[in-house]
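Visitor: Give me a 3D structure for the following:
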Amino acid sequence: MEKNRVVVTGLGAITPLGNNVETMWENILAGKSGIDFVTKVNKDDYPAKVAAEVKDFEPTEYMDKKDVRKMDPFTQYAVAAAKMAVEDAKLTIDDSNAHRVGVWIGSGIGGMKTWEDQHTKLLEKGPKRVSPFFVPMMIPDMAAGQVSIQLGAKGINSCSVTACASGANSIGDAFKAVQRGDVDYIIAGGTEAPISDMAFAGFSSAKALSTNEDPSTASRPFDKNRDGFVMGEGAGILILESLDSALERGAKIYGEIVGYGATGDAYHITAPAENGEGAARAMQLALKDAGIAPEDVDYVNAHGTSTNLNDKYETAAIKAVFGDYANKLAISSTKSMTGHLLGAAGGVEAVISIKSIKDSIVPATINLETPDPDCDLDYVPNEARQQNVDVVVSNSLGFGGHNVALVFKKYN
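Guide: Alright, predicted model coming up:
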């Protein structure tokens, strides 16, 4: 069976660096940080004091006030970013094509704020005061569900929940749905709003969060003095479309998605497999799926969490896949600026990868000051680099041993 080529025709984003793609991208190229002291929890209660929060987001710009009240913030972010992406793609969804428009949006932990608010209500006021909207506001698939309802998309509607790989898995799974011909268009990506007491407490207890009290330098992937990730929030959404459909309607084409690799570590609930063995296999599978040789890759948008084991083992994985060419490869972690958006990371980083191809520029890894002997590749330190970018590999790795690599390519 002939496979459809799949292109990217629309982008949308709500992030700590801006509530649209262009503002986010301008700030990334300028090397700005979206991290500040956390405000959504009391920082005095936690060893971690900083977070990458979405700022000045007004959900009623994208949906009715009555709908806002029935959505957790993670769903609000997804709806806003999805509407942006659909508008950017100039995609009209109506009775003629609704059944051919899918939605696949991942979230790692879903409606944490809703869960906390309603649990407090249960304890203080009893079970009868728990909202009838509690379950449909909390469950991670509801971002995809609400996007479908808001936009009238009646094709496949799904949600991959694979911790910090959720957004990337969702894009990869969506890519395959279009490639197979299940749908002609799919609204795909990831969303997360995890900055709540329970999530902050859990990651703090796991000693996963940076305790650096300087917001501007707390996220420092691949730096010897890194001490944990900085929690972030937001959403990143792509419109994936069959090339035939895009050409037929004269759509703007940002780039092409050509490869998807996904593996499991079968190793540990939080730590990556030794030497990044699972991440390496994901990249190898993605390159094989794309029919692209390792030396044809120009840029790797690394998972790069600013944690000790991730950065060390992701470096080892890149060396295993690319061999000697790894030393010539541009690599960066944009989490140095966005923080770690958990289940939304793969979605936002896919948007960044596409923009990198479109504008021929590689974003920097900011705060990379002290070399780590275990992290000795070219991480594009501190300043964005103008260079030709034809092929990007974007990595996402999640608790539970989930490894995903996506391959994006310049459209020809």
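Visitor: ends of stretch 220-239, how far apart?
Guide: Using CA to CA, to the nearest Å, one end of stretch 220-239 lies 31 Å from the other.
Visitor: Give the buried residues for it.
Guide: Neighbour counts using 16 or more other CB atoms under 10 Å place 220-223, 226-239 of stretch 220-239 among the buried residues. No exception for glycine: its C-beta is placed from N, CA and C like everyone else's.
Visitor: do stretch 145-156 as well
Guide: Taking 16+ other CB under 10 Å as the criterion, stretch 145-156 shows 145-148, 150-151, 153-156 as buried.
Visitor: try stretch 169-185
Guide: 169-179, 183-185.
Visitor: which pair in those spans the largest distance?
Guide: 169 and 184 (21.4 Å; CB to CB).
Visitor: just to revisit the earlier point, need the buried residues of stretch 145-156 in a markdown table (columns: distance to residue 306).
Guide: Shown next, in a markdown table, are the buried residues of stretch 145-156 (distance: CB to CB, whole Å):
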| residue | distance to residue 306 |
| --- | --- |
| 145 | 33 |
| 146 | 32 |
| 147 | 30 |
| 148 | 35 |
| 150 | 35 |
| 151 | 35 |
| 153 | 36 |
| 154 | 41 |
| 155 | 37 |
| 156 | 35 |
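Visitor: show me the contacts for residue 162.
Guide: 106, 108, 169, 398, 400, 402, 404 (CB atoms under 8 Å, 6 or more residues apart in numbering).
Visitor: Among those residues, which ones are in helices?
Guide: Among these, the residues falling in helices (DSSP state H) are residue 169.
Visitor: By neighbour count, which of the contacts of residue 162 wins?
Guide: Each of the contacts of residue 162 was scored for neighbours by other CB atoms under 10 Å, and residue 106 scores highest at 37 neighbours.
Visitor: ok, what's across the strand from that one?
Guide: residue 190 (DSSP bridges).
Visitor: my read: it touches residue 170, true?
Guide: Yes. Using CB atoms under 8 Å, residue 106 makes contact with residue 170 at a distance of 3.6 Å.
Visitor: tell me, what's touching those two both at once?
Guide: 159-160, 189-190, 346-347.
Visitor: For the protein, which segments count as strands?
Guide: 6-14, 36-37, 50-51, 101-106, 157-158, 185-192, 234-242, 255-264, 299-301, 330-332, 361-362, 385-386, 391-398, 402-409 (DSSP state E).
Visitor: Tell me which of those strands lies nearest to residue 78.
Guide: Residue 78 lies closest, by CB to CB, to one member of the strands of the chain: strand 185-192, at 3.8 Å.
Visitor: Now do the closest one against strand 391-398, angle only.
Guide: 50 degrees (axes from the mean of the first three to the mean of the last three CA atoms, to 10 degrees).
Visitor: Now do strand 185-192 and strand 255-264, the angle between them.
Guide: 50 degrees.
Visitor: Packing partners of strand 185-192?
Guide: helix 73-88, strand 101-106, helix 142-151, helix 166-180, strand 234-242, helix 345-359 (3 or more CB pairs under 8 Å, 6 or more residues apart in numbering; DSSP states H and E).
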